[in-house]
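> model the structure of this input:
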Amino acid sequence: MENRVRPIHKLLIDPVRALATEGKLSGVLLITVTIISIIISNLPGCGSYLSFWKSDVGFSFLHLSVSGWINSGLMPVFFLLVGLEIKRELMKGELSRLNQAILPVVAAAGGMAIPAIIFLLFNMNNPATIHGWAIPTATDIAFSLGVLSLLGKKIPFSMIIFLMALAIIDDLGAILIIIAFYSGELHAVMLICAAGSTGLLILLNRLKVRYVALYLVAGILLWYFILKSGIHPTMAGVLLAITIPLSLGEVIEQKLTRAVSYFILPVFALANTAIPLPFGIPGNPFSALSAGIVLGLFLGKPFGIVLSSWILVKAKLSPMLTGVNWKMMIGLGLVAGIGFTMSIFITTLSFDQEMNANAAKLAVILGSVISALGGIIFLKLTLTRKIRKT
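Got it, this is the predicted structure:
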């Protein structure tokens, strides 16, 4: 009996455990649920599946659709995790020293600006789609690092650190864009209440309170007031991350990582890729909306990252990454074009019209897939040639 069980264990459990250990399982899970959601959304009789995400759920004081609870309720937890990661990196990580931070900061800025410009070039004359200019500016940190890890030890460690720092700064940029450009009509009373909740969190920090429950209660109040104020509730996650003491934040970060990777993000992907594909949907790369996103991710990201890095290095304001040449930087820029989670999230904020939202989501998926494949192939060829020369 033991001989029969062990091969099954090796074939099924060990590979899953290895993927989880290497940090790749979350990416595989996201891809899987995305494919499943799109397939289910286009099966005969899929109406109940599509309507489920739009169904109203809530209490007397707060009603949201199921997808609304996910995007406005669960995603702030994702942004809490992102905020904690950014805070840790700024205070004692790779971004804590200016000479280490300047290259990824400038590269991230270039990698956000050029995709936005490309999108605007395609959509500047279309008021129905121009609001989606920020969609191709994002980099998905989990997916991009997962794709880079597929190349194993051939990748210089400096590239991994650089991509991680770039993606973190990119997330910070996306947060600022969401706050500045994707908030609704503001309500003064709720803003005052949100300010009071933030003040309470700051007081807890100053008093060196170490009880997580107190921060969470104040954080939930902050989330509710911000949601009602007209600012997007993801801001609550960011403010909570800022006010939590660093040591306590590291503990929360460890606790949240698995919940976010294996529950919140897969559920987000399920809800936001429930995309029906009727004949005539403008989800092809030849529509202005789709082309702006696909080309923004696939071409804009690497061009912006490499150009801004090249200018900085040539001006001797920053050293080049150790063991990395410019061809490898192009490959890294291609991998950074994987937008997925953050790009799809910005899509949900950009369009009220379902047809444009679905077309944009499909373009994000297409642009991310092309960027991932392009990055892997380009880096594999570049690294192979480098090894042969040495």
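> drop to CA atoms for contacts and neighbour counts, all remaining ones
Noted.
> can you pull out the low-pLDDT segments for the protein?
Along the chain, the parts satisfying pLDDT under 70 run over 1-24, 94-95, 278-286, 385-390.
> spatially central, which residue of this protein would that be?
Taking Cα atoms, centre = their mean, the centroid of the chain lies closest to residue 342, which sits 3.4 Å from it.
> please work out how many residues are found near the residue lying closest to it once chain neighbours are set aside.
Closest residue to residue 342 apart from its sequence neighbours, by Cα to Cα, 6 or more residues apart in numbering: residue 138 at 6.0 Å. For residue 138, the count of nearby residues is 31 (other Cα atoms under 10 Å).
> go on, the one 3 residues further on?
Burial measure for residue 141: 23 neighbouring residues, criterion other Cα under 10 Å.
> if I look at it, how far off is residue 177?
Using Cα to Cα, to the nearest Å, we find residue 141 at a distance of 17 Å from residue 177.
> what of residue 134?
Distance from residue 134 to residue 177, counting by Cα to Cα: 8 Å.
> and for residue 152?
For residue 152, the distance to residue 177 - Cα to Cα - is 34 Å.
> just how off-centre is stretch 145-152 within its chain?
Mean-position distance between stretch 145-152 and its chain equals 17 Å (Cα atoms, centre = their mean, to the nearest Å).
> swap in stretch 235-248?
With Cα atoms, centre = their mean, you get 18 Å for stretch 235-248.
> over to stretch 29-37?
For stretch 29-37, the separation from the chain centroid amounts to 16 Å (computed by Cα atoms, centre = their mean).
> mind giving me the packing neighbours of the longest helix anywhere in the chain?
Ranked by residue count and defined by DSSP state H, the top helix of the chain is helix 354-389. For helix 354-389, the elements it packs on are helix 141-149, helix 288-295, helix 326-335, helix 340-350, judged by 3 or more Cα pairs under 8 Å, 6 or more residues apart in numbering; DSSP states H and E.
> for residue 103, find the nearest of those helices.
Closest to residue 103 of the helices and strands packed on helix 354-389 is helix 326-335 (Cα to Cα; 12.2 Å).
> before we move on, the earlier item: residue 134 and residue 177: which is more packed in?
A direct count of neighbours by other Cα under 10 Å for residue 134 and residue 177 places residue 134 higher, at 26 against 15.
> what about residue 246, distance to residue 253?
Following Cα to Cα, the distance that separates residue 246 from residue 253 is 10 Å.
> more neighbours: which of those two?
The residue with more neighbours, out of residue 246 and residue 253, is residue 253; 20 against 17, by other Cα under 10 Å.
> next one: the nearest residue to the more buried one once chain neighbours are set aside relative to residue 101, how far apart?
Distances taken as Cα to Cα, 6+ apart place residue 81 nearest to residue 253, at 6.0 Å, with adjacent residues excluded. From residue 81 across to residue 101, the span is 21 Å (Cα to Cα).
> can you check residue 299 too?
Separation of residue 299 from residue 101 (Cα to Cα): 24 Å.
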